[in-house]
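Asker: quick one, fold the following:
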Amino acid sequence: MKIEEVKKKYEKDLLKKANVVGVMRGYKIKEEEKTDELSIVCMVEKKIRKEELKKRDLIPTKIKEVTTDVIQVGKIKALQMDKKAQHRPCPMGTSGGHYMITAGTNGELLRDKKTGKMCLGTNNHVGANSNDAQIGDPYLQPGPYDGGTTRDDVIGNLLRFVPIEFVGDPSPCIAARFWGMLYNVPARLFRRRTRLRPVIEYPVYNHVDAAIIEVNKMDVTAEVVDIGVPKEVKQAQLDMLVQKSGRTTCRTVDGLITGIDAMIGPISYGPGKFAYFKDQIVISKEGFSAGGDSGSLVLDMNGYAVGKLFAGSEKITIANHIQSYLDLLDAELVTE
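Answerer: Residues are numbered from 1 along each chain as shown. Just a heads-up that it's a prediction; the model follows:
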């Protein structure tokens, strides 16, 4: 019988033996040197002395005149990256965040158009602590919730962010501030502690939740875990199927875009902090994202970037249009 026929006939029986994790054809190894003899190779988790094995678990030296061999390969498992661990160089789709938050996702590599600096792209609420950060603040990989510390895990520093307009924020309206100041004069004269403070009462609609982090190009790679390097930018379309790779739910696929011009709000950013957004992408697939996936790059199934994930619920995921995100950050996507 040919070696192919012998292997096919006996491979299932060999796999039933204790410690055997694989069977293949290969060249026999003698004294750590490859020979020219083709044999049936049994891969074992760990080599064990014959005396310690039961008779039925012994691998014969020959099967139908075909020589066998045994090699130790260790425990076989799916090779999955721990997205919550520290990585240098760090791929995208992994854990990261401003030193004062919990954790979000490192979305993609960007090039700052103003300076040419290499940057990591994420959300404002991930990289700039929802407007409460200072330019130059440390950004950690992994994020604080996943064990990142300012002592050991700083991968970059906040370069720029697009401020989010929150309901209840101080109003920038000059007229409102003038009248508030005027009406506060009597309060001060009569030593009243109450003051008028003009705030944003009606929604101001945001377009993006965005921040960029300056990084050393030696510490990062443009590859998105389980997806690869983004190809280019593409406009999101209704009924487009999309994918993403995030810190929490890892790679999710076949999310269906059901909206490309959605007005959304109020979106909660924590106790008493709400914001409204317009012209947003809606992805309708349960389980497509979860907390900690904020910052993930959304791509079509061919690897073209279409959106920037920043919010969602149990049923839907919300993303900014990628071109709006890039324009407002004054950055370009790195595709090599």
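Asker: ranges for the helices of the stretch 151-300 of the chain?
Answerer: Using DSSP state H, counting those that start in this stretch, the helices found in the stretch 151-300 of the chain span residues 174-189.
Asker: so, low pLDDT: which residues of it?
Answerer: 168-202 (pLDDT under 70).
Asker: tell me the domain ranges of this protein?
Answerer: Following automatic domain parsing, one finds the domains of the chain at 3-72, 90-164+204-333, 166-203.
Asker: closest one to M81 among the ones you listed?
Answerer: domain 90-164+204-333 (5.5 Å; CB to CB). Quick note: C-beta positions are derived from backbone N, CA and C, even for glycine.
Asker: for the top strand by length along the chain, which strands pair with it and how are they oriented?
Answerer: Secondary structure of the chain per DSSP state E: the longest strand is strand 250-268. If you go by DSSP bridges, strand 250-268 pairs up with strand 241-246 (antiparallel), strand 274-284 (antiparallel).
Asker: buried ones in the longest one?
Answerer: For strand 274-284, the neighbour count (16 or more other CB atoms under 10 Å) marks 275-277, 279-283 as buried.
Asker: any chance of those in a markdown table, plus distance to R247?
Answerer: Formatted as a markdown table, the buried residues of strand 274-284 follow (distance: CB to CB, whole Å):
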| residue | distance to R247 |
| --- | --- |
| A275 | 22 |
| Y276 | 26 |
| F277 | 22 |
| D279 | 26 |
| Q280 | 21 |
| I281 | 20 |
| V282 | 21 |
| I283 | 17 |
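Asker: ok, those residues vs I135, which is closest?
Answerer: Nearest to I135 among the buried residues of strand 274-284, with distances taken as CB to CB, is A275, at 21.0 Å.
Asker: touching, that closest one and F310? I think so.
Answerer: No. Using CB atoms under 8 Å, A275 is not in contact with F310; the gap is 10.3 Å.
Asker: can you tell me which of the domains of the chain is most buried?
Answerer: Greatest average neighbour count among the domains of the chain goes to domain 90-164+204-333 (a mean of 20), per mean count of other CB atoms under 10 Å.
Asker: first vs last residue of that domain, how far apart are they?
Answerer: 17 Å (CA to CA, to the nearest Å).
Asker: mind listing the helices for the stretch 1-150 of the chain?
Answerer: 3-15, 124-127.
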